[in-house]
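**Q** I would like the atomic coordinates for the input below:
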Amino acid sequence: MKNNILTDKESIQAFKLFGLWRFLKLEVESGLKMSRYGSAYKQVKELTGFKGNKKKVFDLFTDVLLSAGVIEEKHL
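**A** Sure thing, here's the model as predicted:
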């Protein structure tokens, strides 16, 4: 059995970014949003400085995460 425990800072940060990307994808596709911590859209805009509507911010964030290797084409 493969050990899937995240132990280094880069892996933990990548996991957080992947989760934020998934929440933003959910917001774009369904209109739902995280209420406890605010919307993923707002968090991504604050984190990255991107401007635009949800779809545009999602597309930009997707491109950044793809180029960084955080997400793969299969996740799209």
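
**Q** got the contact list for the residue nearest the centre of the chain?
**A** Centroid-nearest residue in the chain: Trp21, 1.8 Å away (criterion: C-alpha atoms, centre = their mean). With contact taken as C-beta atoms under 8 Å, 6 or more residues apart in numbering, Trp21 is in contact with 61-62, 65, 70-71. For every residue, glycine as well, the C-beta is placed using N, CA and C.

**Q** of these - the most surrounded one?
**A** Within the contacts of Trp21, most neighbours by other C-beta atoms under 10 Å means Phe61, with 24 neighbours.

**Q** thinking again about what came up before, and the contacts of Trp21, which of them are in helices?
**A** 61-62, 65 (DSSP state H).

**Q** now do the same contact list for Lys51.
**A** Lys51 touches 45, 57, counting by C-beta under 8 Å, 6+ apart.

**Q** distance of Asp8 from Gly52?
**A** Distance, Asp8 to Gly52, using C-beta to C-beta, to the nearest Å: 33 Å.

**Q** again, but for Ile12
**A** For Ile12 relative to Gly52 (C-beta to C-beta), the value is 28 Å.

**Q** name the nearest of the contacts of Trp21 relative to Met34.
**A** Phe61 (15.1 Å; C-beta to C-beta).

**Q** what about the chain, any weak spots by pLDDT?
**A** 1-6 (pLDDT under 70).

**Q** for the protein, what spans make up the helices?
**A** Counting by DSSP H, the helices of the chain are 9-30, 40-48, 54-68.
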